[in-house]
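Colleague: With the input below, show me the fold.
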Amino acid sequence: MKNLRLLALCGLTQFAVFAHATYDLILAVDAANDRIDRIDGTTGASLGSFGTGFFTDPSAVVANPATGRAYVYDAFREEISVFNYSTGVFLQSVSTVPYRTGAGPYGTLSLGKNNEVLFANYFGAGRRFSADLGLLGTYDLPSGQIGTSGASLAGDGFVYSSVYASRQILKYNYAGGAHVAASVAVPGGSILRDLDFQGVNGIVVDNAGQVYRIITGAVPSTSLIVDLSSTMTEVWGARFGHGNLAYVSGIRKSDSKKIIRKLNFNNGSSYGDIELSGTIRGIEVIAAPEPGSMIALGLGTVALLRRRKSAV
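Modeller: This is a model prediction of the structure:
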């Protein structure tokens, strides 16, 4: 029994090695190394990684600070995997193959109500899942449309979905079904521009619940709140941190380096770039991350050992 107790202790503590971010924690999808990198948003320091051996082509990630879970979509395996983002422990995975209508399985993830998860498939309708990835609803596509590049819950309680290729914005009741409005103006009233649509979430929501869309091509300059076309050749993902801070992953135009750019989203000014070695696609940002997560893990270890001791 002593050996079993020691094994249990080692099994739990091997994942409790991640340092905490000073404020914003970035989860970055490293497609070159098939893992999720943890990065300090303030210092740019590496805080470890997780998911090695679980992915073939990870492309999107979303995290729920209320549950400590990170949901990662793998485009090659066509599945969503769930991890504890503070410990790296794998929890479960679910195939998304039944939810697409054609080849080209890129998708994006976002959070819904009540710890639910929204999934957008470039070749399929948007889906709403429970925290444990049970299917709860579908955001039906209009006739003739092939898929969605993003689906996100806004502060007004509706889900906004960007249609792949056409860049049309659809508005849905949260429960799902047919859209209630088409070609709507996003509540944020502004556009975050990028030059490479593939693999990018077409919808991003700020901390106040305002919705913005990420698009390609020429748009009226008056509709742009941030125009990255002069400084970045590609944009792969965008998320908001604390306050007016936004993080954008992609390729810097001047030297082709892979970066995460920190922006003042109110005026588009840059706070600097975090240079990366891997190929980063989607990103997620958790503001003031992981309160008490390591303490909770330690208490769980103690509780397990006490239960085993009482059973001896």
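
Colleague: Now stretch 136-150: average pLDDT?
Modeller: Mean pLDDT, stretch 136-150: 88.

Colleague: Next: stretch 22-40.
Modeller: Here the average pLDDT along stretch 22-40 is 92.

Colleague: Now that stretch: buried residues?
Modeller: The neighbour-count check on stretch 22-40 (16 or more other C-beta atoms under 10 Å) flags 23-31, 34-40 as buried. C-beta: built from backbone N, CA, C; applies to glycine.

Colleague: Span of that stretch from start to end?
Modeller: 7 Å (C-alpha to C-alpha, to the nearest Å).

Colleague: ditto for stretch 257-275
Modeller: Across stretch 257-275, first to last residue, C-alpha to C-alpha, it's 7 Å.

Colleague: just to revisit the earlier point, of the buried residues of stretch 22-40, closest to V117?
Modeller: L27 (14.6 Å; C-beta to C-beta).

Colleague: Remind me which helix or strand that closest one belongs to.
Modeller: Assigned by DSSP states H and E, L27 falls within strand 25-30.

Colleague: and that strand, what does it pack onto?
Modeller: strand 35-40, strand 58-64, strand 280-286 (3 or more C-beta pairs under 8 Å, 6 or more residues apart in numbering; DSSP states H and E).

Colleague: What strands line up against the last one, and which way round?
Modeller: Which is strand 280-286. Take DSSP bridges as the rule and strand 280-286 pairs in its sheet with strand 25-30 (antiparallel).

Colleague: Kindly report the same for the second one.
Modeller: Here strand 58-64 has these sheet partners by DSSP bridges: strand 69-74 (antiparallel).

Colleague: Could you export the partner strand as PDB, CA atoms only?
Modeller: Extracted in PDB, the C-alpha atoms of strand 69-74 (Å, rounded to 0.1, in the frame of the first residue of the first chain):
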ATOM      1  CA  ARG A  69     -10.700  23.400 -18.600                       C
ATOM      2  CA  ALA A  70      -9.100  24.000 -22.000                       C
ATOM      3  CA  TYR A  71     -10.900  22.700 -25.200                       C
ATOM      4  CA  VAL A  72      -8.600  22.100 -28.100                       C
ATOM      5  CA  TYR A  73      -9.700  21.300 -31.700                       C
ATOM      6  CA  ASP A  74      -7.500  19.100 -33.900                       C
END
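
Colleague: Off-centre distance for that strand?
Modeller: 8 Å (C-alpha atoms, centre = their mean, to the nearest Å).

Colleague: Tell me the buried residues in that strand?
Modeller: 69-74.

Colleague: Need the contact partners of it.
Modeller: By C-beta atoms under 8 Å, 6 or more residues apart in numbering, the residues outside strand 69-74 that reach it are 27, 29, 36, 51, 54-64, 79-85, 91, 96, 107-109, 117, 119, 131, 133, 284.

Colleague: Can I get the buried part of these as one ChimeraX selection?
Modeller: Per 16+ other C-beta under 10 Å, the buried members of the contacts of strand 69-74 correspond to this ChimeraX selection:
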select :27,29,36,51,54,55,57,58,59,60,61,62,63,64,79,80,81,82,83,84,85,96,107,108,109,117,119,131,133,284
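
Colleague: And the residue lying closest to K171 once chain neighbours are set aside, how close does it get to I286?
Modeller: Of all residues not flanking K171 in the chain, A181 sits nearest, at 4.1 Å (C-beta to C-beta, 6 or more residues apart in numbering). Relative to I286, A181 is positioned 31 Å away (C-beta to C-beta, to the nearest Å).

Colleague: so where's the stretch 201-312 of the chain shaky on pLDDT?
Modeller: Residue ranges of the stretch 201-312 of the chain with pLDDT under 70: 201-202, 215-225, 288-312.

Colleague: go on, the stretch 1-150 of the chain?
Modeller: Those would be 1-18, 102-105, if you go by pLDDT under 70 across the stretch 1-150 of the chain.

Colleague: For H242, state which of the buried residues of strand 69-74 is nearest.
Modeller: Set against H242, the nearest of the buried residues of strand 69-74 by C-beta to C-beta is A70 (18.9 Å).

Colleague: Report the beta-bridge partners for the closest one.
Modeller: A63, F83.

Colleague: Tell me the spacing between it and S183.
Modeller: Applying C-beta to C-beta to A70 and S183 gives a distance of 33 Å.

Colleague: Same question for I283.
Modeller: 28 Å.

Colleague: So between these two, which is more surrounded?
Modeller: I283 (25 against 11; other C-beta atoms under 10 Å).

Colleague: so which strand or helix has the closest residue to the more buried one other than its chain neighbours?
Modeller: Residue nearest to I283 in three dimensions, not counting chain neighbours: G237, with 4.4 Å by C-beta to C-beta, 6+ apart. Element membership for G237, per DSSP H and E: strand 232-240.
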